[in-house]
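Undergrad: Fold the stuff below for me.
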Amino acid sequence: MGKEKRTLENVVSTIDHLTSNLADSTELYEMVKEEQDFEGLEAIEVDAAKLNEIVEQLEFRRMFNNPADPSNCFIDIQAGAGGTEACDWASMLLRQYLKYCERKGFTATLEDETAGDVAGIKSATIKVEGEYAFGLLRTETGVHRLVRKSPFDSSGGRHTSFASLFVYPEIDDSIEIDINPADVRTDTFRASGAGGQHINKTDSAVRLTHIPTGIVVQCQDGRSQHSNRDVAWKRLRSRLYDHEMRKRAEEQQKLEDTKTDVGWGHQIRSYVLDQSRIKDLRTNYETSATQKVLDGDLDAFISASLKQGV
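TA: Below is the predicted model:
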């Protein structure tokens, strides 16, 4: 509630600022027009451009209609079909979203990572902290497809691989999620990846499986099983909250999947690097600036998807 109140106060303050500055600019315009002050007119144009940017930001903010939009969030990245190539693709996406968070001024923490057998990663979880982190990133959930000439193929063959993203909000203790402990299976195992020799000597990693929904979360970041269990339960609560919100939305919208061919499943974006083309399959937004996108410049894609309400 406090965050929503602050957001409303910021919007009101911004509108007051716009109204005041527009009145000042209008009055100044009448003066410079009468005096034919061309330098003054140029200054007004600069101010008007700044005010227009503020209006566009307000319009963008209007699209955040999900109650959890102001929240921090988690990004789960999972390598799909394609073996080593898919693991490398998953690591490229991990880098991309870490770069995006850096651009937006968000705090991104790599909370969990499982290395690939040869290269890249099999999976990773990032916690993203910042204003409207979930609102900005929620439309990135889906399957991301990569087509390129593989660096792992000595013949230089063209390969297609997949990785999935799942974005869900961090929920606080004020939101009650009723979980029956009997519905959750707990498995412990030895952590892999970073953590040193000590972490691999004990079954400190924790995996939780919510049997009714099939949702699985795990944590192997901490040295102790107790801390990993706490983090895993927190993620499970967040995943179940998001699962319920998505289920309600699907019921209301009747799965509104007419924009996507059935055969493509939940693919949302296609990266065809050897043709310098990245295309969002939901909005049809496309760019040839592949390296900029891989370096985290996702604003145009996210803006298009939010405006279209996908």
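Undergrad: So residue 88 versus residue 96, what's the distance?
TA: 13 Å (C-beta to C-beta, to the nearest Å). (C-beta placed from N, C-alpha, C; glycine too.)
Undergrad: The two: who's more crowded?
TA: In this comparison of residue 88 against residue 96, neighbours counted by other C-beta atoms under 10 Å, the higher total goes to residue 88 at 25 against 19.
Undergrad: Hmm, that one is touching residue 152, no?
TA: Yes: taking C-beta atoms under 8 Å as the definition, residue 88 is a contact partner of residue 152 at 7.1 Å.
Undergrad: list the residues that contact both of these two?
TA: Counting by C-beta atoms under 8 Å, 6 or more residues apart in numbering, the residues touching both residue 88 and residue 152 are residue 119.
Undergrad: need the contact list for the one residue sitting closest to the centre of the chain.
TA: What sits nearest the mean C-alpha location of the chain, by C-alpha atoms, centre = their mean, is residue 137, with 2.8 Å. By C-beta under 8 Å, 6+ apart, the contact list for residue 137 reads 73, 75, 97, 128, 167, 302.
Undergrad: can you check residue 85 too?
TA: Per C-beta under 8 Å, 6+ apart, neighbours of residue 85: 146, 150, 152, 159, 161.
Undergrad: That one is in what secondary structure piece?
TA: helix 83-104 (DSSP states H and E).
Undergrad: Quick check: mean pLDDT of that helix?
TA: Here helix 83-104 scores 95 as its mean pLDDT.
Undergrad: Ok, stretch 124-132 next?
TA: 94.
Undergrad: So residue 51 sits against residue 23, correct?
TA: No: judged on C-beta under 8 Å, residue 51 makes no contact with residue 23 at a distance of 11.3 Å.
Undergrad: Could you check which of those two has the larger neighbour count?
TA: When residue 51 and residue 23 are compared for neighbours, residue 51 comes out ahead with 14 against 10, by other C-beta under 10 Å.
Undergrad: Now do the helix or strand hosting the more buried one, average pLDDT.
TA: Assessed by DSSP H and E, residue 51 sits inside helix 38-62. For helix 38-62, mean pLDDT is 71.
Undergrad: Point out the other helices and strands that that helix packs with.
TA: helix 2-35 (3 or more C-beta pairs under 8 Å, 6 or more residues apart in numbering; DSSP states H and E).
Undergrad: Having no further points to raise, I will conclude here.
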